[in-house]
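> I'll drop the sequence and a predicted model, then ask my questions.
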Amino acid sequence: MGDATLVVVGSGIKFLSHLTVEAKAHIVQADEVLYLVNEPAMKCWIEKTSRKATSLDLIYNEYRLRHDCYRAITNYILETLNKNIHLCVVIYGHPTIFAEPGLNAVIAARQKGYDAKIIPGISTLDCLFADLLIDPGTIGCQTFEATDFLIHTRKFDNSSHLILWQIDIIGVLENPEYHDSTHGLRYLVNYLNTDYDINHKVILYQASQYPFFKSSIKEVVLRELPDTKISPITTLYIPPAKISCYNKNVIRDLKMNFNELKVSS
């Protein structure tokens, strides 16, 4: 495979602030940069900073089905890598979180014998934990893509944190400019209502994309969700509905002191 390399980096969520020193170095030093980011200022920065840069937006918007978009982008990345160059691909946010093209390209490139790797970036999930003051290690955290959550009837624990991604496009396989999310949200509410009260408070979260700007944190009750305006980058956070109980048999088997456990909790 010669000296060709592929590095897929995450740009993070917040313009430049989230771009790591390592990611910047790969963008600057690469022979060519391909990018798929949804923030105009980041696009301009990549164009000015890299030796050669090409946007993947045209490929992304060329196909009706998102699956076809992703496959076409993966193929384009691999075709570019065949030039025997040092290639850097920049993906918005974290490059393996809802970023199928870059991940698949690295997997395929490694199978072909190329030196290929992924450099992580700050994701919406990282921002959500910080803004909502959540430690996922205390009571656990579950995250699901919203459509996957429904069509597979995923089992979950309503005594831990629940985070649902892409609630704006529930049941949508296409890559539409606009669609009505009401039907999908109503279906989601009905499904959640088996484990959460209809008046359970939830949060619609949207991470800030620029330094010194606040993230959007909107609290609503579950029943209001279908009638609430959301955006394509809105994430749903559902706080625990109950407190979980200790399993005393497990505590005994692990030889833990139950009284100390209650104090530490």
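In hand now; what should we look at?
> list the contacts of Gly137.
If you count contacts by CB atoms under 8 Å, 6 or more residues apart in numbering, Gly137 has none. For every residue, glycine as well, the C-beta is placed using N, CA and C.
> wait, I meant Ser231
168, 206.
> all helices for the stretch 101-250 of the chain, in order.
124-131, 136-139, 146-151, 182-192, 248-253 (DSSP state H, counting those that start in this stretch).
> buried ones in the longest one?
It refers to helix 182-192. The neighbour-count check on helix 182-192 (16 or more other CB atoms under 10 Å) flags 184-185, 187-189, 192 as buried.
> could those be laid out in JSON lines, adding distance to Ala25 and pLDDT?
Converted to JSON lines, the buried residues of helix 182-192 look like this (distance: CB to CB, whole Å; pLDDT from 0 to 100):
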{"residue": "Gly184", "distance to Ala25": "41", "pLDDT": "95"}
{"residue": "Leu185", "distance to Ala25": "42", "pLDDT": "97"}
{"residue": "Tyr187", "distance to Ala25": "45", "pLDDT": "96"}
{"residue": "Leu188", "distance to Ala25": "42", "pLDDT": "97"}
{"residue": "Val189", "distance to Ala25": "46", "pLDDT": "98"}
{"residue": "Leu192", "distance to Ala25": "44", "pLDDT": "97"}
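> any idea which of these is closest to Leu133?
Checking the buried residues of helix 182-192 against Leu133 by CB to CB gives Leu192 as the nearest, at 22.8 Å.
> thought that closest one was touching Arg223?
No: the criterion here is CB atoms under 8 Å, and Leu192 misses it with Arg223 at 10.3 Å.
> out of the helices of the stretch 101-250 of the chain, which comes closest to Tyr63?
Going by CB to CB, the one of these nearest Tyr63 is helix 146-151, 18.4 Å.
> packing partners of the closest one?
strand 161-165, helix 182-192 (3 or more CB pairs under 8 Å, 6 or more residues apart in numbering; DSSP states H and E).
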